[in-house]
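J.: can't give you the sequence, but here's the structure:
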């Protein structure tokens, strides 16, 4: 039976880290927490709950998560953020995989919460993530403000039942601030990849994102939050494209005069 390492990346997560680590108690054979020099009690709480705590300056999501996984003792790794935790059903699904592996990497649905509401439609669900894997069979890549774990071509994958529960935003004010940050991160990432914006993208892509999330993916079933989140997603796309246009303009000689 393979042993399981849980790798968690943190920064100022004192409000969340205990919930995350309690959710893997009895499942993880070790827990590694890689902290980016938190100024709160995150490291102390993690250590008190039995985690091995390492400190490393923040290099970006993909690089930090990959490094955290390399510090694990075991090849089977469950990679989590501190504001995520396992549902009982997902706990049992992973426990079964430990006894009898069926793939090299596993996906499961993430259920996101804003305020006191769990979002079950629109662009926030099912929010499929690959977070359980044989670390020798995946690669880590940046995704414009986030990271993505991608199986190697030879790797096999399977989907597990149960939810990865995620405290995404405390309120809409926090969501709007997040949109502003992520849109810039994504614009910079796209610019570095050689992508460029255009007026038709600025005008049409936000509209399409709203229609897709609110109507096609039935975000309207989440009531007021469904409307707010579809609108914030459209806003994210609008600012991402506009900031990408601005980055491009700044590189033109005429824009620097």
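T.: On my side now, so go ahead. Everything numeric in this text was worked out from a predicted model, so none of it was measured.

J.: now stretch 222-229: average pLDDT?
T.: For stretch 222-229, mean pLDDT is 98.

J.: list the buried residues for that stretch?
T.: By 16 or more other C-beta atoms under 10 Å, the buried positions in stretch 222-229 come out as 222, 225, 226, 227, 228, 229. For every residue, glycine as well, the C-beta is placed using N, CA and C.

J.: you'd agree the first one is in a helix?
T.: Translated: residue 222. Yes: under DSSP: H, G, I helix; E, B strand; the rest coil, residue 222 falls within a helix.

J.: wait, which of the buried residues of stretch 222-229 is closest to residue 66?
T.: residue 229 (29.7 Å; C-beta to C-beta).

J.: just how off-centre is stretch 183-198 within its chain?
T.: 19 Å (C-alpha atoms, centre = their mean, to the nearest Å).

J.: what does stretch 4-15 give?
T.: 13 Å.

J.: from now on call the first residue 12
T.: Sure, I'll start counting at 12 from here, so that last one is stretch 15-26.

J.: what's the most distant pair in the buried residues of stretch 233-240?
T.: Among those, 233 and 239 lie farthest apart (C-beta to C-beta), at 9.0 Å.

J.: re the thing from before, give me the subset of the buried residues of stretch 233-240 lying in helices.
T.: 236, 237, 238, 239, 240 (DSSP state H).

J.: now those residues as TSV including distance to residue 101?
T.: Formatted as TSV, those follow (distance: C-beta to C-beta, whole Å):
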residue	distance to residue 101
236	23
237	24
238	29
239	27
240	23
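
J.: just those residues now: which is nearest residue 30?
T.: residue 236 (21.8 Å).

J.: once you drop chain neighbours, what's closest to that closest one?
T.: residue 128 (5.2 Å; C-beta to C-beta, 6 or more residues apart in numbering).

J.: tell me if I'm right that that neighbour and residue 237 touch.
T.: No: contact criterion C-beta atoms under 8 Å: residue 128 and residue 237 do not qualify, at 9.6 Å.

J.: how about the helices in this protein?
T.: So, for the chain - with DSSP H - the helices run 28-34, 53-59, 72-81, 99-110, 183-203, 210-221, 234-261.

J.: the fifth one: which residues count as buried?
T.: Under the neighbour-count criterion of 16+ other C-beta under 10 Å, helix 183-203 has 183, 186, 190, 193-202 buried.

J.: which of those sits closest to residue 33?
T.: residue 186 (26.2 Å).

J.: you'd agree the closest one is up against residue 241?
T.: No: taking C-beta under 8 Å as the definition, residue 186 is not a contact partner of residue 241, at 11.8 Å.

J.: show me which of the ones in helices among the buried residues of stretch 233-240 is closest to residue 72.
T.: Distances from residue 72 to those, taken by C-beta to C-beta, are shortest for residue 240, at 21.6 Å.

J.: dump the helices of the chain into a markdown table; add distance to residue 156 as well.
T.: As requested, the helices of the chain are exported to a markdown table (distance: least, C-beta to C-beta, whole Å):
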| stretch | distance to residue 156 |
| --- | --- |
| helix 28-34 | 21 |
| helix 53-59 | 21 |
| helix 72-81 | 8 |
| helix 99-110 | 25 |
| helix 183-203 | 3 |
| helix 210-221 | 16 |
| helix 234-261 | 10 |
